[in-house]
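# Test case, fold it:
(one chain, ligands or ions: 2)
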Amino acid sequence: MNSLAGFIAGIPKAELHLHIEGTLEPELMITLGKRNGVSLPFPDAETARKAYQFNDLQSFLDIYYQATAVLITEEDFYDLTIAYLTKAASQHVRHAEIFFDPQSHTNRGIAFETVIRGIERAVVEANSSLHISTKLIMCILRHLSEKEGLEIFEKALAWKQWIAGIGLDSSERGNPPEKFSTLFKKAHHEGFFTVAHAGEEGSAASVRKTLETLHVTRIDHGVHCMEDEELVAELVQKQIPLTVCPLSNVRLKVFETMKQHNLKAMLQKGVCITINSDDPAYFGGYVNENYLEAANALQLDRNDIIQLAQNSFIASSLSTVHKQLYLHEIERYSGNQSN
Ligand code: ADE
Ligand code: ZN
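Ligands and ions are numbered 1, 2, ... in the order given. This next block holds a predicted model:
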């Protein structure tokens, strides 16, 4: 391991853009398929991994939603979540804000309660045994109607004590943010933290419209903002964070190669950029691999890595006191590493 790889591996960091369904590794998918008697289009994990070749966001989402069919019981959601949190803790993720897509389960007849109880049990366990803090963000599927989104939102209110935020994911194309303006208004009214995917397959205009109509605190992806200088200036001035997912962007052909990724350029302009893994079981790496591949391709140095790790806590929904505690951890780590 070269020294930058070691530095990345050990630096305390937060992960803010992670779909729990996207952490379903092929091995666990096969195991759960057998356990629950669900037949899959893949005979084994190796074949599944080879089939993960995507042309764009939609070709990925088609496979991703198909794989969720193996998640049936509370135990399945627990197994999925504890596996992610164990991996994340091993990569020195100290805080994770985890997305979950309840509609992709309730629409298959799985109770909301089954999903959230399984996830929550893993989160509570990881908090004490792995020393990793967590917040849950419930994502609304934008390819479905706002009416359906509102139904799941109302259902989720019974579990509000376990849900910190509301997000918006799935197919950006053809599903503009304003479709969900009533839902996000309600989310703000209920005191939720809010985020939304924008500017992944959509343009800078989609990022702008998301900020104007949904008033979210963070933008997930947002990489197309660079098409609009005024928008970039606004992101910098208001310090609106972007949760960028480099490996996802390359695998879904948002950028042809990692060398073409614009995250360093955005960082240099002063945008609050964070690095995340999105759907690590599908895109070839967890958060440290995302840092490392971006660092190698874009020649990020130690100071860039420190900035990105600091940003990950600053952009989180943690309290100021908790942010400070984690920022001190980075300071101690960086100081020790330079001695
Ligand atoms: N759901 C899971 N991963 C996603 C992504 N990258 N974009 C939109 N929706 C998603
Ligand atoms: Zn995402």
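# Can you name the residue of the chain nearest ligand 1?
Ranking the residues of the chain by distance to ligand 1 (C-beta to the nearest ligand atom) places residue 169 first, at 3.6 Å. The C-beta positions use only the backbone N, C-alpha and C, and glycine is treated the same way.
# residues in contact with that residue?
For residue 169, the residues meeting the contact criterion (C-beta atoms under 8 Å, 6 or more residues apart in numbering) are 19, 99, 101, 139, 140, 141, 142, 197, 220.
# The same query, at a cut-off of 6 Å, please.
Taking C-beta atoms under 6 Å, 6 or more residues apart in numbering, we find residue 169 in contact with 139, 197.
# go on, residue 253?
Residues in contact with residue 253 (C-beta under 6 Å, 6+ apart) are residue 56.
# How is it assigned, secondary-structure-wise?
Assigned state for residue 253: coil (three-state reduction, DSSP: H, G, I helix; E, B strand; the rest coil).
# Model confidence at it, what's the number?
Looking at residue 253, its pLDDT is 97.
# The closest residue to residue 228 other than its chain neighbours and residue 219: what is the separation?
Taking C-beta to C-beta, 6 or more residues apart in numbering as the measure, residue 228 lies nearest to residue 204, with 3.7 Å between them; neighbours along the chain are not counted. Here the criterion is C-beta to C-beta, to the nearest Å. By it, residue 204 lies 11 Å from residue 219.
# Neighbour count: the two, which is higher?
When residue 204 and residue 219 are compared for neighbours, residue 219 comes out ahead with 26 against 20, by other C-beta atoms under 10 Å.
# Doesn't that one belong to a strand?
Yes: with three-state DSSP as the criterion, residue 219 is located in a strand.
# Go ahead and confirm it touches residue 198.
Yes: using C-beta atoms under 6 Å, residue 219 is in contact with residue 198, at 5.3 Å.
# if I look at those two, which residues touch both of them?
Overlap between the neighbourhoods of residue 219 and residue 198 consists of residue 207, taking contacts as C-beta under 6 Å, 6+ apart.
# got any ranges where the protein has weak pLDDT?
Under the criterion pLDDT under 70, the flagged ranges of the chain are 1-2, 339.
# What segments of the stretch 201-339 of the chain are strands?
Counting by DSSP state E, counting those that start in this stretch, one finds strands in the stretch 201-339 of the chain at the ranges 218-221, 242-244, 273-275.
# The longest one pairs with which strands, parallel or anti?
Sheet neighbours of strand 218-221, with direction, are listed as strand 193-198 (parallel), strand 242-244 (parallel) (DSSP bridges).
# can that strand be found next to ligand 1?
No: using C-beta under 6 Å from any ligand atom, strand 218-221 stays clear of ligand 1, with a minimum separation of 6.9 Å.
# contact partners of that strand?
By C-beta under 6 Å, 6+ apart, the residues outside strand 218-221 that reach it are 17, 195, 197, 198, 199, 200, 207, 241, 242, 243.
# ok, now which ones touch the residue nearest to residue 228?
For residue 204, the contacting residues are 224, 225, 227, 228, 231, by C-beta under 6 Å, 6+ apart.
# ends of stretch 131-145, how far apart?
With C-alpha to C-alpha, to the nearest Å as the measure, the ends of stretch 131-145 fall 38 Å from one another.
# what does it contact?
The set of residues that contact stretch 131-145 without belonging to it, under C-beta under 6 Å, 6+ apart, is 85, 89, 95-99, 101, 103, 123, 126, 149, 156, 163-171, 175, 317.
# quick one: residue 262 from residue 6, how far?
For residue 262 relative to residue 6 (C-beta to C-beta), the value is 27 Å.
# Also residue 306?
Taking C-beta to C-beta as the measure, residue 306 falls 14 Å from residue 6.
# Equivalent analysis for residue 260, please.
27 Å.
# residues from the stretch 51-200 of the chain in reach of ligand 1?
Residues of the stretch 51-200 of the chain found near ligand 1 (C-beta under 6 Å from any ligand atom) are 57, 64, 169, 170, 197, 200.
# Please repeat the previous calculation with a cut-off of 5 Å.
Where proximity means C-beta under 5 Å from any ligand atom, the interface of the stretch 51-200 of the chain facing ligand 1 comprises 169, 170, 197.
# The second one - how many residues pack around it?
Read it as residue 170. Based on other C-beta under 10 Å, the number of other residues close to residue 170 is 20.
# Equivalent analysis for the last one, please.
Other residues within reach of residue 197, judged by other C-beta under 10 Å, total 28.
# now the nearest residue in space to it that is not next to it in sequence, which residues is it bridged with?
Once flanking residues are discounted, residue 197 sits nearest to residue 220: 4.3 Å by C-beta to C-beta, 6+ apart. With DSSP bridges applied, the residues forming beta bridges to residue 220 are residue 197, residue 243.
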